[in-house]
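# My questions are about this predicted structure, shown below with the sequence.
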Number of protein chains: 2
Amino acid sequence: MGVTKSEIFTQEQNNLAKIAKVLGHPARIAILQHLFKINSCVCGDLVEVIGLAQPTISQHLKELKNLNLIKGNIEGTSVCYCIDQENWKEIRILLNNFLNFNSNSSNCC
Amino acid sequence: MGVTKSEIFTQEQNNLAKIAKVLGHPARIAILQHLFKINSCVCGDLVEVIGLAQPTISQHLKELKNLNLIKGNIEGTSVCYCIDQENWKEIRILLNNFLNFNSNSSNCC
DNA sequence: TTATTATATTGCAATATTACGATTAATAAT
DNA sequence: ATTATTAATCGTAATATTGCAATATAATAA
């Protein structure tokens, strides 16, 4: 059906999956890495940096914004994007909690 | 087109995205959480635990196996699944590196 | 051999995603 | 006012994903 059955999962599971899903595209990873690297706002040059068409980048930015991974501020004709630091902290905690669940390595296989 | 342009991204970006993509479904998160929780193999009861049809679970398990997040060992008529500890360590490092890229919080927006 | 049990594969319908050309909206420059 | 410039939105084609029924496969049990 192409539609995920979110009802049968916990909030946390749906949340984790949603965040991971947004990170599940190299263009969005590249955008985030660029924002981290320059450590400030980016106004406009993302299309050149990434190498996809402008509407495509705009779409990816929208998805990142929807989950509050980034923020956008209008600055004249252009828009400045940067990491949403507060939310990013929470996301990092959420993902780290999952990643470090323990791994007692009591492997039986 | 529905097809990702991986050629224009770095190996690391594609790698990160691939892993995140697999984590981007609540059923697969739930499977991993269950494997972590019981901290050993699971033989068979995943279908009941998760609550999706058997072919659907089998498909999700396949995707997790393809990226070496889990291992499967045949045990008589059933198959036992567990976290692939070695690979999991690498994945954790890869994701942690990305998540903790710095966040100097020199927010300009 | 013939069930039985457990998992994988196939095929398919419904929906989602990716990418981009064309267009639009909003401001800036002339 | 007219003309850039910048980014969002719309529309659409190609492809991917999700979920399951039906079926296949593989190993053991009767």
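Perfect, thanks for sending it. Small disclaimer: the values here were computed from a predicted structure and weren't measured.

# By mean pLDDT, flag the weakest helix or strand of chain A.
Here the helix or strand of chain A ranked lowest by mean pLDDT, DSSP states H and E is strand A:42-43, holding a mean of 80.

# quick check, the helix or strand just after that strand touching DNA strand C?
Using DSSP states H and E, the next helix or strand after strand A:42-43 towards the C-terminus is helix A:46-50. No: judged by Cβ under 7 Å from any atom of the strand, helix A:46-50 stays clear of DNA strand C, getting no closer than 9.1 Å. C-beta here means a position set from N, CA and C on the backbone, and glycine is covered the same way.

# Need the residues that contact helix A:46-50.
Helix A:46-50 has contacts (Cβ atoms under 8 Å, 6 or more residues apart in numbering or on different chains) with A:27, A:30-31, A:34, A:42, A:53-54, A:57, A:61, A:81, B:8.

# Could you dump the residues you listed into JSON lines with secondary structure and neighbour count added?
Output for these, formatted as JSON lines (DSSP: H, G, I helix; E, B strand; the rest coil; neighbours: other Cβ atoms under 10 Å in any protein chain shown):
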{"residue": "A:27", "secondary structure": "helix", "neighbour count": "25"}
{"residue": "A:30", "secondary structure": "helix", "neighbour count": "24"}
{"residue": "A:31", "secondary structure": "helix", "neighbour count": "23"}
{"residue": "A:34", "secondary structure": "helix", "neighbour count": "15"}
{"residue": "A:42", "secondary structure": "strand", "neighbour count": "20"}
{"residue": "A:53", "secondary structure": "coil", "neighbour count": "10"}
{"residue": "A:54", "secondary structure": "helix", "neighbour count": "11"}
{"residue": "A:57", "secondary structure": "helix", "neighbour count": "19"}
{"residue": "A:61", "secondary structure": "helix", "neighbour count": "20"}
{"residue": "A:81", "secondary structure": "strand", "neighbour count": "23"}
{"residue": "B:8", "secondary structure": "helix", "neighbour count": "14"}
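
# farthest pair in these?
The most widely separated members of the contacts of helix A:46-50, counting by Cβ to Cβ, are A:81 and B:8 (19.6 Å).

# and the residue lying closest to residue A:27 once chain neighbours are set aside, what element?
Spatial nearest neighbour of residue A:27, chain neighbours left out: residue A:60 (5.1 Å); criterion: Cβ to Cβ, 6 or more residues apart in numbering or on different chains. For residue A:60, the element it lies in under DSSP H and E is helix A:54-66.

# and for that helix, what are the contacting residues?
Helix A:54-66 has contacts (Cβ under 8 Å, 6+ apart) with A:22, A:25, A:27-28, A:31-32, A:46-47, A:50, A:52, A:70-72, A:81.
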